[in-house]
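**Q** Everything below, folded, please.
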Amino acid sequence: MRLARSGLPVQIAAERTYQRRPTRAQIDRAFAPRVLSIAAGDSVELPNLDPVYHDVFSLSPIKNFDLGRYPKGQSRRVVFDRPGLVNVYCGIHSDMAAFVLVLPHHVFARPDRDGAFALPPLPAGHYTICVWHPDLRGLRREVTVPDRGDVVLELSL
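**A** Next up is the predicted model:
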């Protein structure tokens, strides 16, 4: 499968990139990564790598939690049971915000700096490609995956 971004083709490798133990670290008083996609039922590790305490929480109706204050070197884990968007914050540092996009499946990818990403192998068929970013409008495109060969899709945000 290939993705054309701004007219320049970028290769999308057909390999499985699903990570069973996703991590969202607290480092430099920020969440890294800011956006994390996972499948419903997955757990996320939230280690504190900063020399200060953090208090990670969410008031989202999809997953409401408060992990309490914890210091550098400690980690907490949260299981996300239902699909939807979960906003995550730090109760000590008001400028810390992040997003967990919980999906009902394992077919998702995070692009690298060049826009390249890998999806798990998909059987031939018709699919909807959805692009989500917290600072940009969403994008949806229909695509048909053939039995073999590349798919070229131009996406522009």
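
**Q** Return the helix or strand in the protein with minimum mean pLDDT.
**A** When the helices and strands of the chain are scored by mean pLDDT, DSSP states H and E, strand 8-11 comes last with a mean of 32.

**Q** Does the next helix or strand after that one pack against any helices or strands, and if so which?
**A** Downstream of strand 8-11, the next assigned helix or strand under DSSP states H and E is strand 25-27. Applying 3 or more C-beta pairs under 8 Å, 6 or more residues apart in numbering; DSSP states H and E, one finds that strand 25-27 makes contact with strand 30-32, strand 43-47. No exception for glycine: its C-beta is placed from N, CA and C like everyone else's.

**Q** Among the ones you listed, which comes closest to Asp147?
**A** Minimum separation from Asp147 across these (C-beta to C-beta) falls at strand 43-47, 35.8 Å.

**Q** Can you give me the buried ones in the following helix or strand past the closest one?
**A** Sequence order places strand 54-59 as the next helix or strand after strand 43-47, per DSSP H and E. Neighbour counts over strand 54-59 (16 or more other C-beta atoms under 10 Å) mark 54-58 as buried.

**Q** Would you mind pulling the contact partners of strand 54-59?
**A** Outside strand 54-59, the residues within contact range by C-beta atoms under 8 Å, 6 or more residues apart in numbering are 26, 46, 48, 64-70, 76, 86-93, 96.

**Q** quick one: average confidence on it?
**A** What strand 54-59 shows for mean pLDDT is 98.

**Q** Give me the subset of the contacts of strand 54-59 that lies in helices.
**A** Counting by DSSP state H, the contacts of strand 54-59 place none of their members in helices.

**Q** Report how many residues lie close to His106.
**A** 17 (other C-beta atoms under 10 Å).
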